[in-house]
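Enquirer: Pasting the sequence and the predicted coordinates here, then a few questions.
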Amino acid sequence: MSIKIYYDKIKFRIHRSGEIKKFLEKVITEEKRIPGDLKFIFTNDGGLQDINEEFLKHMYYTDIISFDYSDRNVINGELYISAEALRRNAIIYKAGIREELLRVMIHGVLHLCGYDDNNRRNRDLMFSLQEKRLKEFQNLCE
């Protein structure tokens, strides 16, 4: 089991990533799944847009794209995140960069655990769980 973080031609870096990785493992375990190999790749809007168009045939911007390689209950995947979108969202939602970073990482992990946001009901459930997990992390760090 490993969670690795990569940066694709950007200056953005995560500080104290060890505690985030440990928390994401906890999220997966509490979802009754087994943490496998996860790769978080931070890129820019253009890089994420290229992936979105090429692999998903979507012609719009997003902040995260998850590729699920899970095997039964073992969670494996690649999660591509736009550092530029993180910064914009932090401003829009009046959140810190670290808070928005964790929110998006949790969101991606929840997708790999089987949650979807393809309709209003699922989106509300996923958002509620994501925010609950974010608060848990914030409480751990106080």
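Expert: Good, I have the coordinates.
Enquirer: ok, residues contacting stretch 93-111?
Expert: 14-15, 20, 23-24, 27-28, 31, 38, 40, 63-64, 66, 68, 75, 77, 79, 81, 85-87, 89-90, 117, 126, 129-131, 133-134, 137-138 (C-beta atoms under 8 Å, 6 or more residues apart in numbering). All C-beta spots, glycine's among them, are computed from the backbone N, C-alpha and C.
Enquirer: one more time with 7 Å, if that's ok
Expert: Here stretch 93-111 makes contact (C-beta atoms under 7 Å, 6 or more residues apart in numbering) with 14, 20, 24, 27-28, 40, 63-64, 66, 79, 81, 86-87, 89-90, 126, 129-130, 133-134, 137.
Enquirer: buried stuff in that stretch?
Expert: By neighbour count on 16 or more other C-beta atoms under 10 Å, the buried set for stretch 93-111 is 95, 97-111.
Enquirer: and stretch 114-122, how far apart are its ends?
Expert: 11 Å (C-alpha to C-alpha, to the nearest Å).
Enquirer: what's next to the helix or strand where residue 130 lies, contact-wise?
Expert: Using DSSP states H and E, the element containing residue 130 is helix 120-140. Helix 120-140 is contacted by residues 23, 27, 102, 103, 106, 107, 110, 115, 116, 117 when judged by C-beta under 7 Å, 6+ apart.
Enquirer: got the phi/psi numbers for the first one?
Expert: Residue 23 has phi and psi values of phi -70, psi -40 when expressed as degrees, to the nearest 10.
Enquirer: how many neighbours does the nearest residue to it once chain neighbours are set aside have?
Expert: For residue 23, ignoring the flanking residues on the chain, the nearest one in space by C-beta to C-beta, 6 or more residues apart in numbering is residue 137 at 5.1 Å. Counted with other C-beta atoms under 10 Å, residues neighbouring residue 137 total 21.
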